[in-house]
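*Asks:* my questions are about this predicted structure, shown below with the sequence.
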Amino acid sequence: MSLSGKTAVVTGSNSGIGLGVARELARAGADVVLNSFTDRKEDHDLAAEVAAEFGVNARYVKADMSKGAECRALIEAAGACDILVNNAGIQHVSPIEDFPQDKWDAIIAINMNSVFHTTAAALPGMRERGWGRIVNIASAHGLTASPYKAAYVAAKHGVVGMTKTVALETAQDPITCNAICPGYVLTPLVEAQIPDTMREYNMDRDTVVKEIMLARQPSKEFATVEQLGGTTVFLCSDAAAQITGTTISVDGGWTAL
């Protein structure tokens, strides 16, 4: 599954799922553009580390995914975008009647609107070059719902719908558009929450993970960023050339319930 000669842009990729996906794309030979809203030395150092480890070109481009103009500028700054992975996202939990309007607006902007802007900016170049892969990191919450997550669930359902629309619009081009729907993923952010949850419930690590954090995930195991990266690489391969407009769940059976 060599992706040598391709350039991948991964939004929200200086940590967590985005970084895991970017690393697996680089492992497969793709040049990568990392992104987040910060512009720190460590962001650029991270890109240099990826380049050195995998022998590809890698760089970091600052862009705030809550702003449409910056989403589009990211694609322009990349120079080429053969593979677009829309991963940037935020979360807030609250009953809908108390849901802060600014949180709603930010979640919709970053989790859903950014997908529209980056895709619209990337598609002309993909068509010109005669090849393209768009992979949207949606969520199990793009297929089902949970209470108190109105904005996140709405945004991720929107991403799944947009994925289908883009797939239909590109169906006769050598371009595919699919969504990956993860369940709970073991990221540094999630790992950091485990000790506090252990104290809150007075449980050991294994029990709190299986009975509290993974209560809705039948496998009782976290997905890993490497697994999501591997799924992304597969969707970018020739083997997946006729897979478009669909969702792939990486959720330990969550959406099978």
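*Replies:* Yep, that arrived. Residues are numbered from 1 along each chain as shown.

*Asks:* now do the most centrally placed residue in the chain against residue 228, distance only.
*Replies:* For the chain, residue 87 is the residue whose C-alpha lies nearest the centre (CA atoms, centre = their mean; 2.4 Å). Computed as CB to CB, to the nearest Å, the residue 87 to residue 228 distance reads 9 Å. For glycine as for every other residue, the C-beta is placed from the backbone atoms N, C-alpha and C.

*Asks:* got any residues that touch both of the two?
*Replies:* Residues touching both residue 87 and residue 228 (CB atoms under 8 Å, 6 or more residues apart in numbering) are 17, 21, 137.

*Asks:* could you pull up phi and psi at the first one?
*Replies:* When quoted as degrees, to the nearest 10, the phi and psi of residue 17 stand at phi -60, psi -50.

*Asks:* check whether residue 148 sits in a helix, strand or coil.
*Replies:* With DSSP: H, G, I helix; E, B strand; the rest coil as the basis, residue 148 sits in coil.

*Asks:* same question, the one 5 residues further on
*Replies:* Applying three-state DSSP to residue 153 yields a three-state assignment of helix.

*Asks:* do the same with residue 32
*Replies:* Under three-state DSSP, residue 32 comes out as strand.

*Asks:* could you export the shared contacts of residue 87 and residue 228 as CSV, including neighbour count, pLDDT and distance to residue 208?
*Replies:* Compiled in CSV, the shared contacts of residue 87 and residue 228 are given as follows (neighbours: other CB atoms under 10 Å; pLDDT from 0 to 100; distance: CB to CB, whole Å):
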residue, neighbour count, pLDDT, distance to residue 208
17, 26, 98, 22
21, 29, 98, 27
137, 29, 98, 26
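
*Asks:* top strand in the chain by residue count?
*Replies:* Looking across the chain with DSSP state E, the single longest strand is strand 175-182.

*Asks:* by mean pLDDT, which helix or strand of this protein comes out lowest?
*Replies:* Least confident helix or strand, the chain: helix 188-201 with a mean of 94, by mean pLDDT, DSSP states H and E.

*Asks:* residues of that helix that come out buried?
*Replies:* Across helix 188-201, burial judged by 16 or more other CB atoms under 10 Å covers residue 198.

*Asks:* from here on, call the first residue 46.
*Replies:* Sure thing, new numbering starts at 46, so read that last one as helix 233-246.

*Asks:* next helix or strand past that helix?
*Replies:* helix 250-253 (DSSP states H and E).

*Asks:* now that next one: mean pLDDT?
*Replies:* Average pLDDT, helix 250-253: 97.
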